[in-house]
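Undergrad: structure here, sequence nowhere to be found:
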């Protein structure tokens, strides 16, 4: 990774809107470097040939027309579909061949998600890859405390770690479920954490349409009403209930976001063999049919609304029924879905630091590395769960968060491709050194060594004896130390005090308007 | 992985040559299943475009012509080069542009390496991928005994594990250095172990030309003189001393093997920035120049001799000088060298379960999975070090051997590609299940579940509570148990007693002809 690829975000972190408190915050703010989102300079890996792609695309249209999809508890959606020309029977929507694809055409192929620090804006689509942390686990784990229910303190810690992680471009959403906060009020505290403890882009709430509306309102306080009206400042995760069911709550959240021109990932969540056919081509057919229907629906709500075609697909252990990760079949699907998304002209969400392991051990790392590598080569544009995922997504792991985040640097390096300019060719070095010589001291090496190789911030490259003297630590132990150091070093990015107060006031008011609910 | 891809090797393991002892051995022999070598049904990942490839190829010819390569302490080689038209000055050989590539054209694009069990023969080249275990470490490590010098007992154990590893096609060579055996006699015991404890193909000795000759002689006892004259039964590892130096001992071993029509991997061993330029394109240029010279030389020794173009290339930690593994730059080189090998029409050796970690922990697994995935997609035909490699190749790890060997199943699964026949499409299943349904019980799932997904023999997919009750074991602990079980279950493949006695007599005679040497 070249040093110049890492944005020095100090200047961009300047608080807008002025005032004495902002200037004070600015003077004391510490800058943490963050790499720009990845722009691939390498090809995608295309596993399906043209014939296979056409078969799958044809079959997906057959699914939509002949079998149809369900939009449940959502009369408004049924009305929209009827008006668009679909054949609606009860809650079942049969979409004539070609209609969904035609509707998808108005979705942008790429869009900018703005961060409150403009240096952290991300472009989602095209050759880009934006990395966001784990989403959704009810548990956390660390080496000292073991596995336990996640709390708001854990949530804030993960947001801090994400903010300080060089290779992570996005603050994400539910980095863990803050189970000590009432269910109906969690989204306020989660959004407040992302907005105040980080200056990277973030995700909105989707667990109820009203919470999506709160997310839009809070974003307007942070960015200004006009800015949010005219720009995308949130990308949120809308799951499809596979097979082929679009529930009213998720679609309600999608409607809120699409109407506000905010981005949504429209994504099946599939354990192959359970929620989709047990074969790869069958699963891809269903994924494509579901995404066609979901993306088309977003365009019925608001033509041109930014959306991402998602595919969270994993395999299953047929003995236990457990989802399995980092497997060949998951890779096949991820590669294939990427091709289908590109042919649709849509940004593609898939991949992640997936693993089934209970611990941040070798199993976790094999499964994760398999998943991360395939996602890069599959042309993924937005990768949720890019770090911290453990135990099939039940656990946010402190140690694995920093372990995975370090590996994300490898993806940046891989995506750079190979330079073949005169410096890259290095012929002067080969001439200077010659047969039997040594390159370490030569001029070309001295000129290039700082940027020639990706450098880990975590892994051990020490001589055996040094490593042994220092306690023969494994990766988890090294990661544990790094987590403590990062949380100790954390300093919040500057934020205008007026905005902070307005956000806190909004949260306090809205919380006071409803009783606590834990279900 | 389909069940049918795994050869049931019982019949093939029948000892040839008959006799009572052979029949007795046959009756008691236990069959261990081994997968057929991989035949890729997926494309290769092509990181370099045509222009970049042409630049590198042009530069490699410039290196050969202008700078030249050294063939040291080898007057015979210099004579061969002079006769072929090279400009030889002292030990420096300047090869006119195009000559080396022209000489390489007589090397076969693919060849069969025979095993004593014909069901275990491997085809090296084309779309194939043959997996062989770690090669060369002076140390071994296991969870109980820690890190220690390797012994002949360790060597035999690793050969046994390799024999029993379903996804490993090749028994390899120096699976660890048996440091308790005199240096000048190790090759006898190592070969005897491969020949008697396994029936998979193996590698010959290269540490002296006389030891290569011993390897040929012992193979003649095992296979018969005529068979060895007419077939390739060994693939051995000939390293180039980068930059651009071909030493007399390695070339002497190459000469023995080429003359006997036995295969050699001709491979630079490069830590980038030390033995080659610090840039990827520069390293690829040198790798290509070295392989062109080495392969061309093999064809000067015997036109048509089977050879593999090798590239063992890794990056370096510029702080410590340690080689680093699983890095983006190593991947770039591995992808690029594969393209160069295919354009030369040669089988390609690269990749492996590389890692720098001291322990079979998460670092080891990240680095290894990065390396294994890139090697598959880079079009590698022969992968040495495919399992068991630890600590930069200083250590053969018992646990990592079985951990990596399990992951090799993923490569088999990935290489199968995506079936798009009627069963693969699964339209009947989608019709049967419909929106909101469940696929686990449907007919298509029942018919396919046994072969639909790759299945681990090692990793943990249990419910959290079960896993915790069983001791909350990490991957190393699971692997440790698997190593013990495999070594406990081991049974040798049948071998004709006459051949065994002849091999043992040859070894005893040759050993008695020389004093022990430990240097």
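TA: Good, I have the coordinates. Computed from a predicted model, the values in this text were never measured in an experiment. Residues are numbered from 1 along each chain as shown, chains lettered A, B, ... in the order given.
Undergrad: all contacts plus neighbour counts: C-alpha atoms, from now on.
TA: OK.
Undergrad: show me where pLDDT drops low in chain A?
TA: Residues of chain A meeting the criterion pLDDT under 70: A:1-31.
Undergrad: ok, the top strand by length along it: who's next to it in the sheet?
TA: Longest strand in chain A, counting residues (DSSP state E): strand A:263-271. Strand pairing for strand A:263-271, determined by DSSP bridges: strand A:235-240 (parallel), strand A:307-310 (parallel), strand A:312-316 (parallel).
Undergrad: make CSV from the ones you listed and add mean neighbour count to it.
TA: Shown next, in CSV, are the strands paired with strand A:263-271 (neighbours: other CA atoms under 10 Å in any protein chain shown):
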stretch, mean neighbour count
strand A:235-240, 24
strand A:307-310, 33
strand A:312-316, 25
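Undergrad: redo those as CSV? Include distance to residue A:147.
TA: Shown next, in CSV, are those (distance: least, CA to CA, whole Å):
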stretch, distance to residue A:147
strand A:235-240, 26
strand A:307-310, 30
strand A:312-316, 24
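Undergrad: residue A:373 contacts residue B:370, doesn't it?
TA: Yes: applying CA atoms under 8 Å as the test, residue A:373 and residue B:370 come out as touching, 7.0 Å apart.
Undergrad: against residue A:359, how distant is residue A:151?
TA: 20 Å (CA to CA, to the nearest Å).
Undergrad: who has more neighbours out of those two?
TA: The neighbour count for residue A:151 versus residue A:359, taken as other CA atoms under 10 Å in any protein chain shown, is higher for residue A:359 (27 against 18).
Undergrad: can you give me phi and psi for residue A:170?
TA: Main-chain dihedrals, residue A:170, degrees, to the nearest 10: phi -140, psi 140.
Undergrad: distance-wise, check residue A:127 relative to residue A:431.
TA: For residue A:127, the distance to residue A:431 (CA to CA) stands at 37 Å.
Undergrad: buried ones in whichever strand or helix holds residue A:500?
TA: Using DSSP states H and E, residue A:500 maps to helix A:497-512. The neighbour-count criterion (16 or more other CA atoms under 10 Å in any protein chain shown) identifies A:497, A:498, A:499, A:500, A:503, A:504, A:506, A:507 as the buried residues of helix A:497-512.
Undergrad: now for that helix, which elements pack on it?
TA: Helix A:497-512 sits against helix A:186-197, helix A:209-223, with contacts defined as 3 or more CA pairs under 8 Å, 6 or more residues apart in numbering or on different chains; DSSP states H and E.
Undergrad: same list, those helices, but as a markdown table with mean neighbour count please.
TA: Listed next are the helices and strands packed on helix A:497-512 as a markdown table, based on neighbours: other CA under 10 Å:
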| stretch | mean neighbour count |
| --- | --- |
| helix A:186-197 | 22 |
| helix A:209-223 | 20 |
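Undergrad: next one: the nearest residue to residue A:169 once chain neighbours are set aside from residue A:258, what distance?
TA: Closest residue to residue A:169 apart from its sequence neighbours, by CA to CA, 6 or more residues apart in numbering or on different chains: residue A:131 at 5.4 Å. Separation of residue A:131 from residue A:258 (CA to CA) stands at 22 Å.
Undergrad: quick one, which of those two is more surrounded?
TA: Comparing residue A:131 with residue A:258 by other CA under 10 Å, the one with more neighbours is residue A:131, at 26 against 23.
Undergrad: would you check that the more buried one makes contact with residue A:39?
TA: No: applying CA under 8 Å, one finds residue A:131 not in contact with residue A:39, separated by 11.8 Å.
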